[in-house]
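Enquirer: Fold the following, please.
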Amino acid sequence: VAHAVASSSSQGWTEDELAEEVGLSPLLRSKYEDRIGFLQSMALAVDAESAVSLPRLTPLEQAKGFAFASYASTAAVANKLKDNTASAAPALESARSAFASFASRLSFGGGPSRPSGPH
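Expert: Have a look, this model is predicted:
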């Protein structure tokens, strides 16, 4: 409404003429203007708040996040496969590579052995 009112001034219409043209009653127009004012004040309040920086995730939390994201990707692929097998091939390959990457990060064997502690 505010944008329409602002642009109508360049066409020579008054705010009341524009409101009548689009079918807004004075009461409804007042409600919209109040709502716009409220939303603008809320936007200013949100902008005034300080930014929050989140703590870094631990490796375990990162692995959990990756596993959940992979699960969600797999669920999306399963839905695509159910609906249309031809369009699901790229997403299926993406999910496969995500799981392969996750599995390679979790390789437990084959590395150098850890010392068992003081002897």
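
Enquirer: contact partners of the top helix by length along the chain?
Expert: Counting by DSSP state H, the longest helix found in the chain is helix 59-83. Residues outside helix 59-83 that contact it (Cβ atoms under 8 Å, 6 or more residues apart in numbering): Leu57, Ser87, Ala88, Ala91, Leu92, Ser94, Ala95, Ala98, Phe99, Phe102, Arg105, Leu106. For every residue, glycine as well, the C-beta is placed using N, CA and C.

Enquirer: In PyMOL, select just the buried ones from those.
Expert: PyMOL command restricting those to the buried ones, with burial defined by 16 or more other Cβ atoms under 10 Å:
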select buried, resi 88+91+92+95+98
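
Enquirer: quick one: which of the contacts of helix 59-83 sit in helices?
Expert: Short answer: the contacts of helix 59-83 in helices (DSSP H) are Ala91, Leu92, Ser94, Ala95, Ala98, Phe99, Phe102, Arg105.

Enquirer: possible to save the residues you listed as JSON lines with distance to Ala72 and pLDDT?
Expert: Below are the ones in helices among the contacts of helix 59-83 laid out as JSON lines (distance: Cβ to Cβ, whole Å; pLDDT from 0 to 100):
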{"residue": "Ala91", "distance to Ala72": "12", "pLDDT": "71"}
{"residue": "Leu92", "distance to Ala72": "14", "pLDDT": "72"}
{"residue": "Ser94", "distance to Ala72": "12", "pLDDT": "81"}
{"residue": "Ala95", "distance to Ala72": "10", "pLDDT": "77"}
{"residue": "Ala98", "distance to Ala72": "10", "pLDDT": "82"}
{"residue": "Phe99", "distance to Ala72": "13", "pLDDT": "80"}
{"residue": "Phe102", "distance to Ala72": "13", "pLDDT": "79"}
{"residue": "Arg105", "distance to Ala72": "18", "pLDDT": "77"}
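
Enquirer: In CSV, list those along with distance to Ser30.
Expert: Listed next are the ones in helices among the contacts of helix 59-83 as CSV, based on distance: Cβ to Cβ, whole Å:
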residue, distance to Ser30
Ala91, 50
Leu92, 55
Ser94, 52
Ala95, 53
Ala98, 54
Phe99, 58
Phe102, 57
Arg105, 59
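
Enquirer: So the residue minimising distance to the centre of the chain versus Pro26, what's the distance?
Expert: The centre of the chain sits closest to Ala69, judged by Cα atoms, centre = their mean, with a distance of 14.1 Å. As for Ala69, its distance to Pro26 is 52 Å (criterion: Cβ to Cβ, to the nearest Å).
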